[in-house]
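Undergrad: Structure for the following, please:
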Amino acid sequence: MRWLVDGMNVIGSRPDGWWRDRDGAVERLVEGLDRFAAAQGEEVEVVFDGRPVPVEPDRAHVRFARRGARDAADDAIVALATRDPEPATLRVVTSDIRLAERVRALGADVESAGAFRRRLDDLAE
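TA: Below is the predicted model of the structure:
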C-alpha cells in the first residue's frame, strides 16, 4: 500500500500548540512518518501547504505545495492519486471531507487524520 498524507491536516488534528512552532510540528510529523514507513515497509508521501521546512527524512517522501491557493496541498494529493497507475492501492490520510471525496472518486481509500495520529502514537511508545 502507498500512503499519501495531508500533512497540515494531520498536524492540525491535534490542538497541541503546533501553530507556535510550525517548523517543529512538520519535523515531528516527518519523523513519525519515517518510523511508520520503516515499521510497515510501505511507501509514505506527505504533502504540506506553505513554505518548505528543511527536513531530511530517511524513508518518507516530503513535498511542499507552495502555490498560494488555499487547497494547494489537496490539489497536489489529487494530482498524485490521478497519476498513480493503481489508485486502489492508495490510502490517503485526511479529515478534509472534500479531499476525501475527490480521492475516493479516483478509487483510493481514506483514513482520518485522527486515526492515523493514533497509529503514529502507538509506534512512538
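Undergrad: State which strand of the protein is the longest.
TA: Ordering each strand of the chain by length in residues (DSSP state E) puts strand 43-49 first.
Undergrad: Show me what that one pairs with in its sheet, parallel or antiparallel.
TA: strand 2-6 (parallel), strand 61-65 (parallel) (DSSP bridges).
Undergrad: now the first one, how far from the chain's geometric center?
TA: Distance of strand 2-6 from the chain centroid (C-alpha atoms, centre = their mean, to the nearest Å) equals 5 Å.
Undergrad: That one: what's the following helix or strand?
TA: helix 7-12 (DSSP states H and E).
Undergrad: Identify the residues contacting that following helix?
TA: For helix 7-12, the external contacting residues (C-beta atoms under 8 Å, 6 or more residues apart in numbering) are 18, 25-26, 29, 46-50, 73, 93-96, 99, 113, 116-117. For the C-beta atoms, the positions are set from N, CA and C on the backbone; glycine is no exception.
Undergrad: And the lengthiest helix in the chain, what's buried?
TA: Longest helix of the chain, by residue count under DSSP state H: helix 22-40. Burial within helix 22-40, assessed by neighbour count using 16 or more other C-beta atoms under 10 Å, is assigned to 25-37.
Undergrad: for whichever strand or helix holds residue 99, packing partners?
TA: Taking DSSP H and E as the definition, one finds residue 99 inside helix 97-105. Helix 97-105 is packed against helix 72-83, strand 90-93, strand 109-111, with contacts defined by 3 or more C-beta pairs under 8 Å, 6 or more residues apart in numbering; DSSP states H and E.
Undergrad: Apply 7 Å and report the result again.
TA: On a contact count with 3 or more C-beta pairs under 7 Å, 6 or more residues apart in numbering; DSSP states H and E, helix 97-105 meets helix 72-83, strand 109-111.
Undergrad: next SSE after the last one?
TA: What it means is strand 109-111. Next along from strand 109-111, by DSSP H and E: helix 113-124.
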